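Student: below is the structure, and that's it, no one-letter string:
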Ligand code: SF4
Ligand code: SF4
């Protein structure tokens, strides 16, 4: 089981400065989603919202492109696509909207039991402090061999990870996306420290 | 003495690196350092370098200090969590070790105990931040320290010839934010790349020591090109080493190559960091040839 919980009001405010398109994933049944809180939060955003897509299995890559296409104009009009789902959902959306700033509105925590039906390309370790907003939608916990949250180590060679030369360095992916959406400035955020009691 | 005082003094700060032994006797390392490295400002003592288990950095730093040298304690995040790292820092301060270099560290998989658990509770940036906290008299959890707070010269590393210079610069900026006061670089063989890196790095206003490896042979250079991140030896240097085997073997060509790089880069940096990798005896000659 996983639990997704809305981030703090302060963080949500910082993510919703411009126009926002919202994606709610009511998930696989293994994920508990904060439906009521999400609804209140979205209502309060008023006309900042260019559109809302509420769906299940946002990580299903067979359906996602079609679903996004239906909302193409509203997504285009938004500065930020805000995804309310587990970490895998956010990563999947970020990958399908390469030129867009895609942000996570939730933190994902682990509970014992089945972890849900997720595609193999993206992993979420349910760290409880979702970092996807400072990494352009690539999970630093699972895509980096050292789970580094403050930037690339000195070990990447030709874009590949020092631990496994067949694996692209996760921070290489992160830097690529941040450049693409012209958001390298997010790396000036405060020093990140993981809390393993989450 | 903290080496930040030397930088503040406007000196071109020269350091070199030594590795502790895999055993309980470090007298050889200290003797060599005394013999060949006494003329330079400080000596880095590595922390289980390349994830290969050896004696710790701290005891060897103390032995160096007792021998009259100025040691720099290298500290990686690979083997210790935030409790152990802070505890080590307090111990270092008590023992009079006041120069440190904070690194993330190579992955355990790269060394001689590949089955060891990689820790990486902190990374180079959050470790620097932790040291800055201790210097304010509180630990990372916000608890007050008893008595006087420690004070270190806080160093960090950067890789100017990395394939991802932007990622390196972004990380360098975060290290400065976290309290880094000086930088040592990964080995540079391409002066032009280094100079253009320094153009961008000088905005951070922190002294940078050019990292230099004395290239021992053409084979070693090829190995580094294929395996060591951020290191690229140009073909003409490899050719020079291959051309005259006798001179190369005696280290003459090697020292000439390293000296040339230092001369070209010197106007753009604030110091030199030598990774002699066993060729400590060549360091005095290198310093002389580079005109330092
Ligand atoms: S940073 Fe990664 S592990 Fe943490 S919640 Fe986000 S996707 Fe999951
Ligand atoms: S090379 Fe990249 S993916 Fe590998 S540990 Fe370093 S930063 Fe992480």
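Tutor: In hand now; what should we look at? Not measured: the values here are computed from a predicted model. Ligands and ions are numbered 1, 2, ... in the order given.

Student: near ligand 1 at all, the helix or strand of chain A with the lowest mean pLDDT?
Tutor: Ranking every helix and strand in chain A by mean pLDDT, DSSP states H and E puts strand A:31-32 at the bottom, with a mean of 80. No - figure legend: strand A:31-32 not in contact with ligand 1 (C-beta under 6 Å from any ligand atom); closest approach 11.8 Å. Bear in mind the C-beta positions are built from the backbone N, C-alpha and C, glycine included.

Student: what helices or strands is that strand leaning on?
Tutor: Where contact means 3 or more C-beta pairs under 8 Å, 6 or more residues apart in numbering or on different chains; DSSP states H and E, strand A:31-32 is packed against strand A:2-6.

Student: helix or strand right after the strand it packs on?
Tutor: Next helix or strand after strand A:2-6 toward the C-terminus (DSSP states H and E): helix A:9-15.

Student: that following helix packs against which elements?
Tutor: So helix A:9-15, by 3+ C-beta pairs under 8 Å, 6+ apart, packs with no helix or strand.

Student: so how far is it from its chain's centroid?
Tutor: With C-alpha atoms, centre = their mean, to the nearest Å as the basis, helix A:9-15 stands 15 Å off its chain's centre.

Student: and the pLDDT at residue 122?
Tutor: This is for chain A. Turning to residue A:122, the model gives it a pLDDT of 75.

Student: wait, chain B
Tutor: pLDDT at residue B:122 comes out at 98.

Student: may I have the secondary structure class of the residue nearest in space to the middle of chain B?
Tutor: The centre of chain B sits closest to residue B:184, judged by C-alpha atoms, centre = their mean, with a distance of 5.6 Å. Classification of residue B:184 by DSSP: H, G, I helix; E, B strand; the rest coil places it in strand.

Student: tell me which helix or strand comes right after the least confident helix or strand of chain A.
Tutor: helix A:35-45.

Student: ok, residues contacting that following helix?
Tutor: A:6, A:12, A:16, A:20, A:22, A:24, A:26, A:49, A:52, A:84, A:105 (C-beta atoms under 8 Å, 6 or more residues apart in numbering or on different chains).

Student: among these, which pair sits farthest apart?
Tutor: A:16 and A:26 (20.7 Å; C-beta to C-beta).

Student: higher neighbour count, these two?
Tutor: Per other C-beta atoms under 10 Å in any protein chain shown, whichever of residue A:16 and residue A:26 has more neighbours is residue A:16, with 21 against 16.

Student: residue contacts, that one?
Tutor: A:45, A:48, A:80, A:82.

Student: restricted to helices, list the residues you listed.
Tutor: Applying DSSP state H to the contacts of residue A:16, the entries found in helices are residue A:45.

Student: which stretches of the stretch 151-292 of chain B form strands?
Tutor: B:153-158, B:182-187, B:208-213, B:271-275 (DSSP state E, counting those that start in this stretch).

Student: for residue B:14, which of those is the nearest?
Tutor: Closest approach to residue B:14 among the strands of the stretch 151-292 of chain B (C-beta to C-beta): strand B:271-275, 4.8 Å.

Student: what's that closest one packed up against?
Tutor: strand B:13-18, strand B:182-187, strand B:208-213.

Student: can you tell me the average pLDDT over the second one?
Tutor: Averaged across strand B:182-187, pLDDT comes to 98.

Student: who's in contact with the residue in chain A that ligand 1 sits nearest to?
Tutor: Of all residues in chain A, residue A:87 sits closest to ligand 1, at 2.3 Å by C-beta to the nearest ligand atom. Applying C-beta under 8 Å, 6+ apart, we find residue A:87 in contact with A:104, A:108, A:122, A:124, A:125, A:126, A:127, A:130, A:132, A:139.

Student: near ligand 2, list only the ones from these.
Tutor: Within these, nothing lies near ligand 2 by C-beta under 6 Å from any ligand atom.

Student: who wins for neighbours among these?
Tutor: residue A:104 (29 neighbours).

Student: and the strands in the stretch 1-150 of chain B?
Tutor: Counting by DSSP E, counting those that start in this stretch, the strands of the stretch 1-150 of chain B are B:13-18, B:42-45, B:71-76, B:99-103.

Student: quick one: contacts of the shortest one?
Tutor: This means strand B:42-45. Contacts for strand B:42-45 (C-beta under 8 Å, 6+ apart): B:3, B:13, B:15-20, B:33, B:37, B:57, B:60-61, B:64, B:69-74, B:99, B:101, B:184, B:273.

Student: buried subset of these as a PyMOL selection?
Tutor: Here is the PyMOL command that selects the buried residues among those (16 or more other C-beta atoms under 10 Å in any protein chain shown):
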select buried, chain B and resi 3+13+15+16+17+18+19+20+33+37+57+60+61+64+69+70+71+72+73+74+99+101+184+273
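
Student: looking at the stretch 1-150 of chain B, which residue is nearest chain A?
Tutor: residue B:125 (3.7 Å; C-beta to the nearest C-beta).

Student: so who does the residue lying closest to residue B:65 once chain neighbours are set aside touch?
Tutor: Nearest residue to residue B:65, sequence neighbours excluded (C-beta to C-beta, 6 or more residues apart in numbering or on different chains): residue B:71, at 5.5 Å. Residues in contact with residue B:71 (C-beta under 8 Å, 6+ apart) are B:42, B:43, B:44, B:45, B:60, B:61, B:62, B:64, B:65, B:97, B:99.

Student: swap in residue B:6?
Tutor: Counted by C-beta under 8 Å, 6+ apart, residue B:6 has contacts B:13, B:41.

Student: quick check, pLDDT for it.
Tutor: Note on residue B:6: pLDDT of 98.

Student: how close does it get to residue B:283?
Tutor: Note on residue B:6: its distance to residue B:283, by C-beta to C-beta, to the nearest Å, is 18 Å.

Student: wait, residue A:65 sits on residue A:96?
Tutor: Yes - between residue A:65 and residue A:96 a contact is recorded at 6.2 Å, counting by C-beta atoms under 8 Å.

Student: between the two, who's got more neighbours?
Tutor: Shown here are residue A:65 and residue A:96; by other C-beta under 10 Å, residue A:96 has more neighbours (17 against 9).

Student: surely that one is in contact with residue A:64?
Tutor: Yes - Residue A:96 is within contact range of residue A:64, at 5.7 Å (criterion: C-beta under 8 Å).

Student: find the nearest non-adjacent residue to the residue nearest to the centre of chain B, please.
Tutor: Closest residue in space to residue B:184, ignoring its immediate chain neighbours: residue B:273 at 4.2 Å, by C-beta to C-beta, 6+ apart.
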